[in-house]
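Novice: following is a predicted model, sequence given first.
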Amino acid sequence: MIGLASGPLLGGFMHVYFGFTWAFFAGAAVLFLALLIVLFGVKETPAAAPRPQQERSLSFDLSLLSPGILSAAAATFLMAATFTLMTTLENEFNARLHINAFEFGIAFSALMVGRLLFQVPVGHLSDRRGRPWFVFFGLLFLGVTTALLGEVQTLFQFVALRFLQGIAGAAIVAPALAYAGDVAETDASGRHGRLISVVTSGFGFGLAFGPLLAGVLAMHSFELPFAAAGGLCLLGGVIVALWMRERRPVDEGPR
């Protein structure tokens, strides 16, 4: 989350004040720094004792796709798609709001900041109050803020709505992943990683779908992609309300 928040800020700043090419030089420098950190800071750990050989199973099977897991995957798919809608329309936003690439980067990063600040508290609350309702209300809130994003007239509105989208995203992703973990705990076949990967795959597909949806619908009007994505989030909330059921005892006591 810190990287996703800082990357647009760094790229926008370098582009505005040093030029287009230097934005990518800065990105390469960050990657080189990461390489040095891994090379000198990460040590090899001794190999664990070999586990008893288990019966082989398919890497993926349809039994993974329970209604609850599918609804969690749909929630993360819609969340990621709404997050990336604006990337296709950067030039339109800049012209509409009279902003530059750095200011666009501030708005883009505001979502990640909101999610970063609220993800841990929301995850803690979902441990105590249950997962499905957080995902449900997160999708409803995300639908409203996404639809309003197509109506922004000032940079402040743009940044504020992106920040609110981040809060909504925190209410979705932390409980959705925790829900997949809850399902895995009750699954006796050792498919923990595969169950959780179904939910994270929804996020990956959403990242790809959002810009495509925006590009197609924006040919008709600037507001249409955001209205359509907002409506899909509301539909996703209905799916979660119908399909996602709590899978663990809810802890009402202090933590």
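Specialist: Arrived safely. Numbers count the residues shown, from 1 in each chain.
Novice: by contact count, what packs against the helix or strand hosting Ser197?
Specialist: Assigned by DSSP states H and E, Ser197 belongs to helix 192-217. Counting contacts by 3 or more C-beta pairs under 8 Å, 6 or more residues apart in numbering; DSSP states H and E, helix 192-217 packs against helix 67-88, helix 155-185, helix 224-243. Every residue, glycine included, has its C-beta placed from N, CA and C.
Novice: possible to save those helices as JSON lines with distance to Ala26, mean neighbour count and mean pLDDT?
Specialist: Shown next, in JSON lines, are the helices and strands packed on helix 192-217 (distance: least, C-beta to C-beta, whole Å; neighbours: other C-beta atoms under 10 Å; pLDDT from 0 to 100):
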{"stretch": "helix 67-88", "distance to Ala26": "19", "mean neighbour count": "24", "mean pLDDT": "90"}
{"stretch": "helix 155-185", "distance to Ala26": "22", "mean neighbour count": "22", "mean pLDDT": "89"}
{"stretch": "helix 224-243", "distance to Ala26": "30", "mean neighbour count": "20", "mean pLDDT": "93"}
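Novice: need the ones you listed in CSV (columns: distance to Gly143).
Specialist: CSV is the format used below for the helices and strands packed on helix 192-217 (distance: least, C-beta to C-beta, whole Å):
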stretch, distance to Gly143
helix 67-88, 8
helix 155-185, 8
helix 224-243, 3
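Novice: so which of those comes closest to Leu117?
Specialist: Nearest to Leu117, of all the helices and strands packed on helix 192-217, is helix 155-185, at 7.8 Å by C-beta to C-beta.
Novice: wait, Glu90 touches Glu103, no?
Specialist: No: taking C-beta atoms under 8 Å as the definition, Glu90 is not a contact partner of Glu103, at 10.9 Å.
Novice: returning to what we had before: to Phe137, which of the helices and strands packed on helix 192-217 lies closest?
Specialist: Phe137 lies closest, by C-beta to C-beta, to one member of the helices and strands packed on helix 192-217: helix 155-185, at 6.4 Å.
Novice: report the angle between the closest one and helix 67-88.
Specialist: Relative orientation of helix 155-185 versus helix 67-88 (axes from the mean of the first three to the mean of the last three C-alpha atoms, to 10 degrees): 150 degrees.
Novice: find me the pLDDT at the nearest residue to Phe102 once chain neighbours are set aside, would you?
Specialist: Among residues not flanking Phe102 along the chain, Gly12 sits closest, at 3.7 Å (C-beta to C-beta, 6 or more residues apart in numbering). Listed pLDDT for Gly12 reads 86.
Novice: now Glu252
Specialist: So Glu252 comes in at 44 (pLDDT).
Novice: same deal with Ala26?
Specialist: 90.
Novice: report the buried residues of the helix or strand encompassing it.
Specialist: For Ala26, the element it lies in under DSSP H and E is helix 20-41. Of the residues in helix 20-41, Ala23, Ala26 count as buried by neighbour count, 16 or more other C-beta atoms under 10 Å.
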